[in-house]
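Participant: Structure here, sequence nowhere to be found:
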């Protein structure tokens, strides 16, 4: 979120929430291409300068709107898999949770909006990666690396590529209108990846 204008009055949390709620509603109703800062301001009942003081671009606003969406209390969209000591079980649990959240109708519209924002503006793409995609990717790689350290995955496996494939598979299903298949396809991909990176059982 943009830094507070220090010369003005303190930001009102209620105003922020109203703007974020308006942005989410309009993204679901109209999509990213038809979202405008003016439209968000009108829906939130504030002036356009109020929106721009808080978010300098549409992409920045969309990023915070997605981050503020309600998700299950035990799921952090920016986190990677839990570490129970069983990397395969942890990856499967994480995939199920991410698929369930990102393919819910309203959430799917927001994820697609993020993709459109990233494609439209390189600066927004970099900001979105730092604030959303990057932390999740790094957490997923860290869990894979812990699995390799524990001897469950091959130490020479390209874990960055594995993380790219898993997150990319979910996004691909959304982009191609196959959200209902996201969990099944991602699970099948995980089977294939694990075949290549799992360590061989001792003889």
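Facilitator: Right, received. Where do you want to start? These numbers come from a predicted model, not from an experiment.

Participant: which residue ranges form the helices in this protein?
Facilitator: Assigned by DSSP state H, the chain shows helices spanning 13-30, 37-44, 48-54, 58-67, 87-102, 105-120, 122-128, 134-149, 159-175, 182-197.

Participant: among those helices, where is the model least confident on average?
Facilitator: Note on the helices of the chain: lowest mean pLDDT is at helix 122-128, with a mean of 74.

Participant: sorry, back to before: so which of the helices of the chain is the most packed in?
Facilitator: helix 58-67 (a mean of 22; mean count of other CB atoms under 10 Å). From N, CA and C alone the C-beta is placed, and that goes for glycine too.

Participant: Just the angle for that helix relative to helix 105-120, thanks.
Facilitator: Interaxial angle, helix 58-67 versus helix 105-120 (axes from the mean of the first three to the mean of the last three CA atoms, to 10 degrees): 150 degrees.

Participant: helices or strands up against helix 58-67?
Facilitator: helix 13-30, helix 37-44, helix 105-120, helix 122-128 (3 or more CB pairs under 8 Å, 6 or more residues apart in numbering; DSSP states H and E).

Participant: nearest residue to residue 144 other than its sequence neighbours?
Facilitator: Nearest residue to residue 144 in three dimensions, chain neighbours excluded: residue 159, at 4.2 Å (CB to CB, 6 or more residues apart in numbering).

Participant: show me the residues around the one you found that make contact.
Facilitator: By CB atoms under 8 Å, 6 or more residues apart in numbering, the residues touching residue 159 are 141, 144-145, 148, 153, 197.

Participant: List just the nearest of those residues to residue 93.
Facilitator: Nearest to residue 93, judged by CB to CB, of the contacts of residue 159 is residue 144 at 14.2 Å.

Participant: Give me the distance between the closest one and residue 17.
Facilitator: 36 Å (CB to CB, to the nearest Å).

Participant: ok, now residue 160?
Facilitator: 36 Å.

Participant: And for residue 96?
Facilitator: From residue 96 to residue 17 the distance is 30 Å (CB to CB).

Participant: Equivalent analysis for residue 37, please.
Facilitator: 17 Å.

Participant: Ok, residue 93 next?
Facilitator: Taking CB to CB, one finds residue 93 at 31 Å from residue 17.

Participant: And for residue 122?
Facilitator: Using CB to CB, which is the criterion applied here, residue 122 is 29 Å from residue 17.

Participant: for residue 114, same thing?
Facilitator: Distance from residue 114 to residue 17, by CB to CB: 20 Å.

Participant: just residue 145 next, same as before
Facilitator: Taking CB to CB, one finds residue 145 at 37 Å from residue 17.

Participant: How is the chain partitioned into domains?
Facilitator: The chain resolves into domains spanning 13-67, 87-197 when parsed by automatic domain parsing.
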